[in-house]
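A.B. asks: Structure of the sequence below:
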Amino acid sequence: MGVKILFDPFKIVIEAFEKLHPDKTADVVFGEGMYEKVGAYGETFMPDAGGPPVITIDTITPIDGAVEVLAHELAHVAAGIDAGHGEAWEAEFEAINQEYTRIADAWQNTHRQEK
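C.D. replies: Numbers count the residues shown, from 1 in each chain. Sure thing, here's the model as predicted:
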């Protein structure tokens with residue numbers, strides 16, 4: 001009984017990130033009004049006092065966009081905030097997306113065979 005989400009794209013992005021960077025952590029918050037305040041659907045905050053980076057994703061973001069925003073912000077965690085959107089960030093974003101695609105395709109192929 002109960003409800004199960006069989007294909008969770010957020011979980012898959014996180015799994016991809018964790019496979020690539022098992023030593024890195026982050027906290028994710030879905031919040032309201034961020035786009036109105038900062039003009040972005042997501043941002044990563046690196047606390048000065050230590051602790052994990054905090055990723056905020058605006059709840060107005062469509063689900064497919066929110067998955068991409070999560071991958072985008074996790075790439076900042078992986079590359080470091082000083083990397084901006086440079087080559088190191090681009091490489092991390094691409095690696096996360098490739099791993100996401102690999103995991104999602106494997107899941108879909110497995111479940112197609114079960115039908």
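A.B. asks: Could you tell me how many residues sit around the closest residue to T61 other than its chain neighbours?
C.D. replies: Spatial nearest neighbour of T61, chain neighbours left out: Y41 (4.5 Å); criterion: C-beta to C-beta, 6 or more residues apart in numbering. Using the backbone N, CA and C atoms, a C-beta is placed for each residue, glycine as well. Neighbourhood size, Y41 [other C-beta atoms under 10 Å]: 20.
A.B. asks: With I103 instead?
C.D. replies: 16.
A.B. asks: Regarding it, which helix or strand does it belong to?
C.D. replies: helix 87-114 (DSSP states H and E).
A.B. asks: and that helix, what does it pack onto?
C.D. replies: Judged by 3 or more C-beta pairs under 8 Å, 6 or more residues apart in numbering; DSSP states H and E, the packing partners of helix 87-114 are helix 9-20, helix 63-79.
A.B. asks: Among the ones you listed, show me which one is buried the most.
C.D. replies: Of all these, helix 63-79 has the most neighbours on average by mean count of other C-beta atoms under 10 Å, namely a mean of 20.
A.B. asks: what mean pLDDT does that one have?
C.D. replies: Taken as a whole, helix 63-79 has an average pLDDT of 96.
A.B. asks: circling back to that earlier point, include distance to Y35 when you put the helices and strands packed on helix 87-114 into CSV, please.
C.D. replies: Output for those, formatted as CSV (distance: least, C-beta to C-beta, whole Å):
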stretch, distance to Y35
helix 9-20, 19
helix 63-79, 11
